[in-house]
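S.K.: this one's structure only:
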């Protein structure tokens with residue numbers, strides 16, 4: 001996939017294109033349907049499939065620091081977009097000046113003159129341009145003027161509710177990572193570099209941990225999780241703790257992963273954590289013995305969850321109740337950990 005940071009990088013390379021446009025935070029199931037439709041239409045007419053997105057996210061420019069944490073930052077978003085198969089992604093630098101363009105100014109500059117668009121695929125609620133005035137009707141009128149067709153994808157639903165970045169964000173922040181999985185069609189994931197922590201996991205507790213310096217913004221609710229650690233393309237079963245380690249009186253929030261049956265040195269390495277299921281709240285224990293016993297229980301429970309066929313990292317997730325659903329979630333361990 002070609003990644004272009006300027007329309008000039010694609011202007012002379014695209015004879016005609018089929019385009020989809022949006023923020024694509026999370027590259028969730030709805031986004032995947034949009035990109036898939038774009039690729040299919042492009043292939044049918046022998047055109048180039050192009051995803052147009054923005055960096056930084058428009059809300060970060062228009063609202064500032066008050067925006068909620070984003071599900072995917074640009075690098076991960078581009079990886080996920082690429083996995084859907086488009087020929088190119090144009091990442092437009094978003095500014096207040098860009099936001100002030102009318103829908104026609106944007107369409108003429110970027111889609112018509114820049115990408116030679118022949119078909120435009122948008123989401124059911126997509127708006128663009130100054131005052132968000134560029135809705136389906138406006139874009140369809142511009143399509144008739146400039147010679148391209150506009151297609152609008154109906155809402156994608158899961159369990160009777162529309163799949164959206166907001167819904168996914170709410171689930172992750174509530175610790176409901178298993179429930180977020182079918183909306184993403186993958187486990188929710190964060191990435192970061194393994195750094196030195198307090199060095200208590202192995203020496204004091206017998207459970208060495210990899211401490212993450214995160215690059216992602218959206219972190220699940222504090223607690224203990226069954227996870228997969230992705231290292232060099234390999235998926236390793238693990239348990240993660242998100243929190244402050246209250247037994248030791250810490251204040252700073254950390255993400256620590258204990259990889260099961262693993263003894264390698266991964267300091268300085270970049271890993272990705274795939275959250276499968278929340279096991280319990282983080283809580284303060286009376287001492288080391290009680291904490292070690294609880295961690296051993298967490299490890300045992302995580303092994304059982306991660307061994308389930310539906311918890312494997314390579315298995316595409318589907319909406320519960322779908323005809324293509326491959327299984328139900330493992331029994332919620334929280335019910336057994338009052």
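M.R.: On my side now, so go ahead. Note that the structure is a prediction, hence the values are computed from the model and not measured.
S.K.: How much space separates residue 234 from residue 259?
M.R.: With distances defined as C-beta to C-beta, to the nearest Å, the gap from residue 234 to residue 259 amounts to 11 Å. Heads up, the C-betas are built off the backbone N, CA and C, glycines and all.
S.K.: Below-threshold pLDDT in the chain: ranges please.
M.R.: Applying pLDDT under 70 to the chain flags residues 197-207, 244-253, 285-287, 315-316, 320-338.
S.K.: Between residue 234 and residue 259, which is the more surrounded one?
M.R.: A direct count of neighbours by other C-beta atoms under 10 Å for residue 234 and residue 259 places residue 259 higher, at 22 against 8.
S.K.: Check the gap between that one and residue 152 for me.
M.R.: With distances taken as C-beta to C-beta, residue 259 is found 45 Å from residue 152.
S.K.: Walk me through the domains of this structure.
M.R.: Following automatic domain parsing, one gets these domains for the chain: 2-155, 187-323.
S.K.: As JSON lines, those domains with distance to residue 173 would be great.
M.R.: Output for these, formatted as JSON lines (distance: least, C-beta to C-beta, whole Å):
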{"stretch": "domain 2-155", "distance to residue 173": "8"}
{"stretch": "domain 187-323", "distance to residue 173": "6"}
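S.K.: Find the nearest non-adjacent residue to residue 72, please.
M.R.: Leaving aside its chain neighbours, residue 72 sits nearest to residue 26 (5.5 Å; criterion: C-beta to C-beta, 6 or more residues apart in numbering).
S.K.: I misspoke; the intended subject was residue 31.
M.R.: Nearest residue to residue 31, sequence neighbours excluded (C-beta to C-beta, 6+ apart): residue 24, at 4.8 Å.
S.K.: next one: residue 270
M.R.: Residue 270's closest residue in space is residue 193 (C-beta to C-beta, 6+ apart), at 5.5 Å.
S.K.: Which residues does the helix or strand harbouring the one you found contact?
M.R.: Counting by DSSP states H and E, the element that carries residue 193 is strand 188-195. Where contact means C-beta atoms under 8 Å, 6 or more residues apart in numbering, the residues beyond strand 188-195 that reach it are 71, 76, 168, 172, 177, 180-181, 210-216, 218-220, 230, 255, 266-275.
S.K.: again, but for stretch 259-273
M.R.: Contacts to stretch 259-273, defined as C-beta under 8 Å, 6+ apart, come from residues 189-196, 210, 212, 227-231, 236-240, 255, 257, 299, 302-303.
S.K.: Type out the PyMOL command that picks the buried ones from the residues you listed.
M.R.: In PyMOL, this line selects whichever of these come out buried by 16 or more other C-beta atoms under 10 Å:
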select buried, resi 189+190+191+192+193+194+210+212+227+228+229+230+231+236+237+238+239+240+255+257+299+302
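S.K.: How about the secondary structure of residue 24?
M.R.: Assigned by DSSP: H, G, I helix; E, B strand; the rest coil, the conformation of residue 24 is coil.
S.K.: Pretty sure it sits against residue 51.
M.R.: Yes - at 7.3 Å, residue 24 counts as touching residue 51 under the criterion of C-beta atoms under 8 Å.
S.K.: overlap in contacts of these two?
M.R.: A shared contact of residue 24 and residue 51, defined by C-beta under 8 Å, 6+ apart, is any residue touching both; here these are residue 81.
S.K.: Give me the neighbour count for residue 143.
M.R.: Other residues near residue 143 come to 20 when the count uses other C-beta under 10 Å.
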